[in-house]
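K.L.:
sequence-free structure coming up:
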């Protein structure tokens, strides 16, 4: 017999416990080594970014949520967490309470993801944003050597058009590099400029997934995080840094072969990101459909 239409499906204790364990095991592939490095006082020039630039902690990332519209057979640890309520023998997310607090964020993410999805992907940037972040600078952002040296790195920037549309990459350009960018993006331009081929836009799907948490199913958060890991690895392999001592072979974007390899990988990430973006849009749409528009705050 089907449950009433206004009642969310209920996962049995065995079901939600199995999904919780699977999520924790999956996330620990990255979170556990990060915790161990921190205990040893070690840094990682590639993977630390996922836990420092992004504000989600390993502990919160490891916490599985069923997502909006799914209930858990009680008792469940979620019952004591923010925005969860118990209805009889089940625990669920109270979407109205969640939207009362986070409605502006949901609306912003929804608009941004839909705008990004509506645009064609551009895959001709070749990751030069990382090169522009050290152009004509005396230091580097990471304690590893430059693969081509200082002069060689600057020469690559000067020999290529720089076409970065992502503000959160552009804002780290050196003063000498910023005027070389064909666009001068600002935070206010994000809705207008974000495009699905951008590696940083693909990594940021993870940010939007956890910003929507706990309304985002844990599996979707983990899918976005896994994509962010792989994109970050390409981003740094194509960067000016020599990361071979850390196990990363370079993608030499200053060569035709390197450009081709980078663009091919970028197209693959774009396709995967499109599906994740679609799933996140569906989360936002379902949340916003559950509450009248005038009851949802309009600002993030």
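P.N.:
Looks like it arrived, so ask away. The structure presented is a predicted model; accordingly, all values stated were derived computationally and were not measured.

K.L.:
in what helix or strand does the residue positioned nearest the centre of the chain lie?
P.N.:
A centroid search over the chain (CA atoms, centre = their mean) returns residue 206, at 2.5 Å, as the residue closest to the centre. Secondary structure from DSSP states H and E places residue 206 in helix 199-211.

K.L.:
quick one: contacts of that helix?
P.N.:
Outside helix 199-211, the residues that touch it by CB atoms under 8 Å, 6 or more residues apart in numbering are 50, 54, 56, 60-61, 105, 109, 112-113, 116, 127, 129, 166, 168-169, 194-196, 216, 220-221, 224-225, 227-228, 231-232, 234-235, 266, 269-270, 272-273, 276-277, 280. Where C-beta positions appear, they are placed from N, C-alpha and C, glycine not excepted.

K.L.:
Mark which of those residues are buried, thanks.
P.N.:
Among these, those classed as buried by 16 or more other CB atoms under 10 Å are 50, 54, 56, 61, 105, 109, 112-113, 116, 127, 129, 166, 168-169, 194-196, 216, 220-221, 224-225, 227-228, 231-232, 234-235, 266, 269-270, 272-273, 276-277, 280.

K.L.:
From the residues you listed, which land in helices?
P.N.:
Cross-referencing the buried ones among the contacts of helix 199-211 against helices under DSSP state H gives 50, 61, 105, 109, 112-113, 116, 129, 168-169, 220-221, 224-225, 227-228, 231-232, 234-235, 266, 269-270, 272-273, 276-277, 280.

K.L.:
Which residues are in contact with residue 168?
P.N.:
200, 204.

K.L.:
Try it again at 10 Å.
P.N.:
By CB atoms under 10 Å, 6 or more residues apart in numbering, residue 168 lies in contact with 53, 129, 185, 187, 190, 200-201, 203-204, 207.

K.L.:
which one among those residues gets closest to residue 242?
P.N.:
Using CB to CB, residue 129 is the member of these that lies nearest residue 242, at 18.0 Å.

K.L.:
Run a quick check on residue 101 versus residue 93, I expect a contact.
P.N.:
No. Counting by CB atoms under 10 Å, residue 101 does not reach residue 93; the two are 12.0 Å apart.
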